[in-house]
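Undergrad: kindly return the folded structure for what I paste below:
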Amino acid sequence: MDPVDLEKRDVHRPEPRGGEGCLTVAVRLPVRIVVLVLVVPVRIAWDALVVAGRFAYGTVLRPVGRALFVWPWLALWRYVLVPVGRGLERLGNVLVVVPAVWLYRNVLTPIGHGLAWAGRGIWAGLRWVGGWTAAGLGWLGRYLVVVPAVWLHTWILAPVGRAIAWCARGVRLVLYWTVRVLFVLPVLAVWRWVLAPVGRFLAVVGRETADALGHAWRVAGRISRAVCRFLGGILRWIFVEPLRWVYRAVLTPVGHAVRDTVLRPVADAGRAVGRATRQALATARATVRQTRADVRRALFGAPRQRGIAARREPPGRDTRTLGSSTTALTKE
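TA: Below you'll find the model as predicted:
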């Protein structure tokens, strides 16, 4: 065997999972067997539903949906909403946009410029007054608020705060060790010796169950396709092939024989009867016209013979043709 083929096979070969113990191997096989037994009927039913759904969607739901929803909404959008929207757009432009633009340009803009000029004057006056007011308030605040607050913080609040902080550190240390001994250490022991092993076991079971579901779903798909092919072959050899053989070997020769021996002679006889009937009707019409002419001649006499108008074209063999030289244009 070629070494290149061996390298290709090694590349496509899945790598084994690391860290798999006897627990994983012991759980994997029964879980996969149980899951495969449970998943195969579900996969077969799912494939049947998918085929039925595709057939119903292609033959019923899609045409009915188009006829009931797509085409009416498309016609409503194209022939009603779009023209109405365009009309409303033009009406809004005429009734709202144009007047608003005119009002903004000719009314609001001059008013805004006047208010801005007045506001700048008022702001300059307020700033001048505010500067002197802020200087006076700053001097009063410095000697009435800042100096007393600094003295209070330095000689009263800071010592009291340091004492409270020292007491808080002691209380926090006591509470820390109390909570650690009474709660944290037992919780850590339960987590390390009970919950973690149980969690690892459940994780292994869950991972193997998920892998088994995926593997079983794929295997069930193959089984479902094989079952469908088997049933399709059985239906084909039980119903389709016998019907096709009956159609080709029995119905087609019988149909040809019936067509050649019965239908075609009947059609020929019908056409002959039709021709004879048309000829009889034509003879009857001619007889009726002749009888009517004889009765009219017996009652009112023979009609006067009108002179035959001179024909422009000579009768018989002397008629003019394009190849003859009897016309004025071709005479020599």
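
Undergrad: go through the lengthiest helix in the chain and flag the buried ones.
TA: Ranked by number of residues, the top helix in the chain under DSSP state H is helix 196-235. For helix 196-235, the neighbour count (16 or more other CB atoms under 10 Å) marks 204, 208, 209, 212, 213, 216, 217, 219, 220, 221, 223, 224 as buried. In short, each C-beta sits where N, CA and C put it, glycine included.

Undergrad: with just CA atoms, put the strand or helix carrying residue 88 into PDB.
TA: Using DSSP states H and E, residue 88 falls within helix 82-92. Listed next in PDB are the C-alpha coordinates belonging to helix 82-92 (Å, rounded to 0.1, in the frame of the first residue of the first chain):
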ATOM      1  CA  VAL A  82     -48.700  52.500  -3.700                       C
ATOM      2  CA  PRO A  83     -51.000  55.000  -5.600                       C
ATOM      3  CA  VAL A  84     -52.600  56.100  -2.300                       C
ATOM      4  CA  GLY A  85     -49.200  56.600  -0.800                       C
ATOM      5  CA  ARG A  86     -48.000  58.600  -3.700                       C
ATOM      6  CA  GLY A  87     -51.100  60.700  -3.600                       C
ATOM      7  CA  LEU A  88     -50.700  61.300   0.200                       C
ATOM      8  CA  GLU A  89     -47.000  62.100  -0.300                       C
ATOM      9  CA  ARG A  90     -47.900  64.800  -2.900                       C
ATOM     10  CA  LEU A  91     -50.800  66.100  -0.800                       C
ATOM     11  CA  GLY A  92     -48.600  66.300   2.300                       C
END
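
Undergrad: just the mean pLDDT for that helix, thanks.
TA: Per-residue pLDDT over helix 82-92 has a mean of 87.

Undergrad: can you show me the CA trace of whatever helix or strand comes next after it as CSV?
TA: Next along the chain after helix 82-92, taking DSSP H and E as the criterion, comes helix 98-103. Provided in CSV are the C-alpha atoms of helix 98-103 (Å, rounded to 0.1, in the frame of the first residue of the first chain):
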residue,chain,number,x,y,z
VAL,A,98,-44.4,73.9,1.5
PRO,A,99,-46.3,76.0,4.1
ALA,A,100,-43.8,74.9,6.8
VAL,A,101,-40.8,75.9,4.7
TRP,A,102,-42.4,79.3,4.0
LEU,A,103,-43.3,79.8,7.7
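
Undergrad: mean confidence for helix 98-103?
TA: On average, the pLDDT along helix 98-103 is 87.

Undergrad: point out where the chain drops to low pLDDT.
TA: 1-24, 27, 301-332 (pLDDT under 70).

Undergrad: would you map the helices across the stretch 151-300 of the chain?
TA: Along the stretch 151-300 of the chain, counting by DSSP state H, counting those that start in this stretch, helices occupy 158-179, 185-190, 196-235, 241-246, 252-258, 264-300.

Undergrad: what's the closest of those helices to residue 44?
TA: helix 196-235 (4.6 Å; CB to CB).

Undergrad: show me what the closest one packs onto, helices and strands only.
TA: If you count contacts as 3 or more CB pairs under 8 Å, 6 or more residues apart in numbering; DSSP states H and E, helix 196-235 packs onto helix 22-56.

Undergrad: so which other helices or strands are in contact with the helix it packs on?
TA: helix 196-235.

Undergrad: what angle do helix 22-56 and the helix it packs on make with each other?
TA: Angle of helix 196-235 versus helix 22-56, following axes from the mean of the first three to the mean of the last three CA atoms, to 10 degrees, is 40 degrees.
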